[in-house]
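Student: quick one, fold the following:
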Amino acid sequence: GAGRGHVLRGGGDGLTDSGAVELRPPWETQPEWFRFGAALALGDFDDDFYDDLALGAPGWRAASGAALGTVHLVFGSAAGLDLERARDVPSPFPQEGASYGEALSAPDVDGDWIDDLLVGAPGYDVCLKHGLIRIEDAGAAIELSGAAGLGLEGLTASLWVQGELTTADVRG
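Tutor: From the prediction side, this is the model:
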């Protein structure tokens with residue numbers, strides 16, 4: 001359950017293990033519940049014309065022991081994946097047990113021709129009606145915007161949750 005990722009190169013004859021890369025969880029402790037690589041997304045998040053690889057680890061725990069989940073980002077280069085530039089992209093909206101990183105997608109959401117990263121957090125608790133109603137495990141999607149030369153760090157983030165509920169919706 002600690003997880004691993006394997007990158008195989010493609011060519012004219014299909015996939016080959018020549019030049020394959022094994023990605024292991026980069027953290028000192030690798031408990032079985034981190035689930036590194038549970039989700040994958042490929043996109044050019046820093047607009048350098050090389051695909052970058054995002055790996056979800058929805059069970060990752062902070063040093064405090066809080067199960068927050070994280071996304072590990074490995075940048076691409078002309079030589080392949082640049083493991084020296086790899087880094088974690090924690091949730092800008094951290095919440096214990098949200099499973100941040102359970103699902104990943106890399107569309108260009110904002111239309112700037114740079115891939116953005118959508119991160120699923122199916123265990124995210126949502127508070128509605130000014131915090132009066134709490135829906136446990138309602139789930140959320142978090143959008144992290146890519147940008148030229150930066151790649152998902154220090155940029156705007158958006159939290160997407162279900163729409164506003166009425167009292168009838170809650171009773172029903």
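Student: report how many residues lie close to the closest residue to Ala157 other than its chain neighbours.
Tutor: Leaving aside its chain neighbours, Ala157 sits nearest to Pro92 (4.0 Å; criterion: Cβ to Cβ, 6 or more residues apart in numbering). C-beta here means a position set from N, CA and C on the backbone, and glycine is covered the same way. Pro92 has 15 neighbouring residues, counting by other Cβ atoms under 10 Å.
Student: wait, what's in contact with Pro92?
Tutor: Contacts for Pro92 were tallied using Cβ atoms under 8 Å, 6 or more residues apart in numbering; they are Ile142, Leu144, Ala157, Leu159.
Student: selecting buried members of the residues you listed in PyMOL, what would you type?
Tutor: Restricted to buried positions by 16 or more other Cβ atoms under 10 Å, the PyMOL selection for those reads:
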select buried, resi 142+144+157
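Student: for the residue nearest to Ala157, give its distance to Ala141.
Tutor: 13 Å (Cβ to Cβ, to the nearest Å).
Student: now for this structure, the helix or strand with the poorest mean pLDDT.
Tutor: Ranking every helix and strand in the chain by mean pLDDT, DSSP states H and E puts helix 167-171 at the bottom, with a mean of 42.
Student: which parts of the protein are strands?
Tutor: Along the chain, the stretches classed as strands by DSSP state E are 5-11, 14-23, 39-43, 52-57, 70-77, 80-89, 103-105, 117-121, 126-128, 133-135, 140-144, 157-160.
Student: so who does the residue nearest to Val89 when sequence neighbours are not counted touch?
Tutor: Take Val89 and drop its neighbours on the chain: the residue closest to it by Cβ to Cβ, 6+ apart is Val71, 4.5 Å away. The contact partners of Val71, taken as Cβ under 8 Å, 6+ apart, are Ala54, Leu55, Gly56, Ala57, Asp88, Val89, Pro90, Tyr100, Gly101, Leu104, Leu117, Val119.
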